[in-house]
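Chemist: Got a predicted structure plus its sequence, pasted below:
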Amino acid sequence: MKFENETQSIFINGKWRAVDSQNTDTVYNPATLEPITKIASGGKSEATEAIQTANKAFKTWSEMTGRKRSRVLYKAYELMLEEVNRLGEILTTEQGKPLKEAKGEIKGAANFLLWYAEEASRAYGEWIPSSVSSKRLLVIPQPVGVVGAITPWNFPASMITRKIAPALAAGCTVVLKPAPETPLSAIEIVKILERAGMPEGVVNLVTGDAEQIGTAMLTNKDVRLITFTGSTEVGKHLMRESADHVKKISLELGGHAPIIVFDDADLDKAAALTLASKFRNNGQTCICANRIYVHDSVKDAFSKKLTEKVKQLKVGNGLHEETDLGPLINEQASEKVQNQLDDAVKKGANIIHGGKKWNGGMDGYFYEPTILSAIDDDMLIMNEETFGPLMPIQTFTDEDVAIDKANDTDYGLAAYIFTETTNRAIRVSEKLEYGIVGVNDVFPALAEAPFGGIKQSGVGKEGGHYGMDEFLEKKYISMGIK
Ligand code: ADP
């Protein structure tokens, strides 16, 4: 297919760069594998220029009152909400998720702008009662400086606002590098910020070579904080390389979320929410259910309810109204799903539903929503992140065994339990080694709440006042007054 369309995707110091036609990357629609547009492939020099610009803009932006910064974020929130439909369509076209989910993501992305618009005026310090009568002790929060933000393709809009809204509210300036698969949502968000009156240089966008842009951020002393969402492997690389300048770092990495369904669960609720967690974004979320542990006494009833619901799910192009599951992002993702399924079946798993690629006359990498039983702990699916629509179900009889199994992983992002007993809800939540626990709830990510993992799922929090704290240094001022 001949394809000429080009989209400006590098934004530095308030100006969009013309695309150098010799140096482009193509963005594809993952449902049809047709090219959507070409974008600029930037590298070290663009990233370095963007960092210098952000550093220059930091002085004025950081000295503005929180109230003034808030106005830009609030305006951006309003503009984003006015465009939910258009932005949702762009998101689905580049990422594949069903339109209803894409629009939901845009609203969620806008919520971060709103919440941090409100929070911008509330970066409080502290006056510490001194043990020495001749001293007064103050703590003042100050923005850390230039932030390098690196974002993934699975939530191309909300992962950006979740990072840059608190950074901007705190008074930081930003160089944003979006995922190569989904730069179009990033471009739209930056355009919204531009229209909202964001001063030149405060937010800069560089698309292109991930390693070069990443290295430019890591090796530049002026970048004081790297905020990243993506794979554990790249996160570890960024953490290691940040050591040279002792940069601050905030990482949201992979997960391997367990769902535990106890014998006192409301099974209708548990089945509906397990399905919602597992198949949202076709299983391509870091907090989605990866392993299901069901109490033996309710296994049959739970599986029956779940299977009935899964049978009704419609796979297809996300732009079609009736679609529940869009395509996987690329061939590599599809191979990973197939590999985990083959491994499970080889080791004795039963396929209760689904179990193969879906061919709906489109070229994209579609896969049937799949439920598996007779699951062993040594299967790949029980140990490595799936990022696809496979749901392995294992049974248990003892609460402590279920907790041990849930904790038996290097990941520690999100875990979920279904129980109608308050004591159990509290007891088990406290024992789960995860940054986030959902009790009868699988959608914990909200603008006002702290989102983040422990163990190898990451460091730092995003969302709520915790999310803004990441971007604020706490300066201690000790004053002798006599
Ligand atoms: P995935 O495998 O899900 O795409 P990645 O961790 O590779 O996850 O990608 C998340 C983000 O990190 C993307 O924006 C990607 O371009 C970026 N990225 C990948 N490798 C590097 C790197 N070496 N340095 C900086 N950013 C990188």
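Modeler: On my side now, so go ahead.

Chemist: Grab the nearest non-local neighbour of the residue of the stretch 51-200 of the chain found nearest the ligand.
Modeler: Residue nearest to the ligand within the stretch 51-200 of the chain: residue 179 (3.9 Å; CB to the nearest ligand atom). The C-beta positions use only the backbone N, C-alpha and C, and glycine is treated the same way. Among residues not flanking residue 179 along the chain, residue 153 sits closest, at 3.8 Å (CB to CB, 6 or more residues apart in numbering).

Chemist: what's the answer for residue 460, then?
Modeler: The shortest distance from residue 460 to any non-neighbouring residue, by CB to CB, 6+ apart, is to residue 250 (3.4 Å).

Chemist: now swap in residue 331 and tell me
Modeler: Distances taken as CB to CB, 6+ apart place residue 365 nearest to residue 331, at 5.9 Å, with adjacent residues excluded.

Chemist: now do residue 295
Modeler: Among residues not flanking residue 295 along the chain, residue 263 sits closest, at 4.1 Å (CB to CB, 6+ apart).

Chemist: Now do the SS call for residue 57.
Modeler: Recorded secondary structure, residue 57: helix (DSSP: H, G, I helix; E, B strand; the rest coil).

Chemist: Show the contacting residues for the nearest residue to it once chain neighbours are set aside.
Modeler: Computed as CB to CB, 6+ apart, the closest residue to residue 57 that is not its neighbour in sequence is residue 201, at 3.2 Å. By CB atoms under 8 Å, 6 or more residues apart in numbering, residue 201 lies in contact with 12-14, 53-54, 56-57, 173.

Chemist: sorry, back to before: and the residue nearest to residue 460, how many neighbours?
Modeler: When neighbours are counted by other CB atoms under 10 Å, residue 250 registers 23.

Chemist: Does the helix or strand harbouring it reach the ligand?
Modeler: According to DSSP states H and E, residue 250 maps onto strand 248-252. No. Shown here: strand 248-252 not in contact with the ligand (CB under 6 Å from any ligand atom), separated by at least 10.2 Å.

Chemist: Now do that strand: everything it contacts.
Modeler: Residues contacting strand 248-252 (CB under 8 Å, 6+ apart): 144, 224-230, 235, 238-239, 242, 286, 413, 451-453, 457-462, 470.

Chemist: now do stretch 36-47
Modeler: Contacts to stretch 36-47, defined as CB under 8 Å, 6+ apart, come from residues 3, 5-10, 12, 17, 19-21, 23-29, 93-94, 175, 177, 183-184, 187, 206-209, 212-213, 215-217.

Chemist: same for the ligand: which of those are within range?
Modeler: Near the ligand, taking CB under 6 Å from any ligand atom as the test, the members of the contacts of stretch 36-47 found are residue 177.

Chemist: quick revisit: contacts only, for the residue of the stretch 51-200 of the chain closest to the ligand.
Modeler: Contact analysis of residue 179 by CB under 8 Å, 6+ apart lists 151-153, 156, 230.

Chemist: Give me the buried subset of those.
Modeler: Taking 16 or more other CB atoms under 10 Å as the criterion, what is buried in those is 151-153, 156, 230.

Chemist: which of the residues you listed are close to the ligand?
Modeler: The residues of these that also fall near the ligand, by CB under 6 Å from any ligand atom, are 151-152, 230.

Chemist: Turn those residues into JSON lines, columns for pLDDT and secondary structure.
Modeler: Output for these, formatted as JSON lines (pLDDT from 0 to 100; DSSP: H, G, I helix; E, B strand; the rest coil):
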{"residue": "151", "pLDDT": "98", "secondary structure": "coil"}
{"residue": "152", "pLDDT": "98", "secondary structure": "coil"}
{"residue": "230", "pLDDT": "98", "secondary structure": "coil"}
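
Chemist: Tell me the buried residues in stretch 133-142?
Modeler: residue 141.

Chemist: Now do it: distance to the chain's middle.
Modeler: The chain centre lies 37 Å from the centre of stretch 133-142; the measure is CA atoms, centre = their mean, to the nearest Å.

Chemist: Stretch 472-482 now?
Modeler: What separates the centre of stretch 472-482 from the centre of its chain is 36 Å, taken as CA atoms, centre = their mean.

Chemist: can you check stretch 268-278 too?
Modeler: For stretch 268-278, the distance to the chain centre is 21 Å (CA atoms, centre = their mean).

Chemist: Using PDB, write down the CA coordinates of that stretch.
Modeler: What follows is stretch 268-278, C-alpha atoms only, in PDB (Å, rounded to 0.1, in the frame of the first residue of the first chain):
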ATOM      1  CA  ASP A 268     -21.800 -13.400  40.400                       C
ATOM      2  CA  LYS A 269     -19.800 -10.400  41.300                       C
ATOM      3  CA  ALA A 270     -16.500 -12.400  41.300                       C
ATOM      4  CA  ALA A 271     -17.200 -13.800  37.900                       C
ATOM      5  CA  ALA A 272     -18.200 -10.500  36.300                       C
ATOM      6  CA  LEU A 273     -15.200  -8.600  37.700                       C
ATOM      7  CA  THR A 274     -12.700 -11.400  37.000                       C
ATOM      8  CA  LEU A 275     -13.800 -11.200  33.400                       C
ATOM      9  CA  ALA A 276     -13.600  -7.400  33.400                       C
ATOM     10  CA  SER A 277     -10.100  -7.500  34.800                       C
ATOM     11  CA  LYS A 278      -8.700 -10.200  32.600                       C
END
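
Chemist: and the gap between residue 308 and residue 273?
Modeler: Using CB to CB, to the nearest Å, residue 308 is found at 15 Å from residue 273.

Chemist: Next: residue 93.
Modeler: Distance, residue 93 to residue 273, using CB to CB: 29 Å.

Chemist: Next: residue 377.
Modeler: Residue 377 is 24 Å from residue 273, where distance means CB to CB.

Chemist: And for residue 430?
Modeler: Distance of residue 430 to residue 273, given as CB to CB: 21 Å.

Chemist: So which of these two has more stuff around it?
Modeler: Per other CB under 10 Å, whichever of residue 430 and residue 273 has more neighbours is residue 273, with 21 against 9.

Chemist: State whether the more buried one and residue 442 are indeed in contact, as I suppose.
Modeler: Yes. Look at residue 273 against residue 442 with CB atoms under 8 Å: they come within range, at 4.6 Å.

Chemist: Return every residue with contacts to both of those two.
Modeler: Residues touching both residue 273 and residue 442 (CB under 8 Å, 6+ apart) are residue 416.

Chemist: What count of nearby residues applies to residue 442?
Modeler: With other CB under 10 Å as criterion, residue 442 counts 22.

Chemist: And for the nearest residue to it once chain neighbours are set aside, the neighbour number?
Modeler: Residue nearest to residue 442 in three dimensions, not counting chain neighbours: residue 277, with 3.7 Å by CB to CB, 6+ apart. By the criterion of other CB under 10 Å, residue 277 has 24 neighbours.

Chemist: Residue 277 should be in a helix, yeah?
Modeler: Yes. Counting by three-state DSSP, residue 277 is found in a helix.

Chemist: Residues of the stretch 1-150 of the chain that sit close to the ligand?
Modeler: So far as CB under 6 Å from any ligand atom goes, the stretch 1-150 of the chain lies against the ligand at residue 150.

Chemist: Flag the shaky bits of the stretch 1-150 of the chain, pLDDT-wise.
Modeler: Applying pLDDT under 70 to the stretch 1-150 of the chain picks out residues 1-4.
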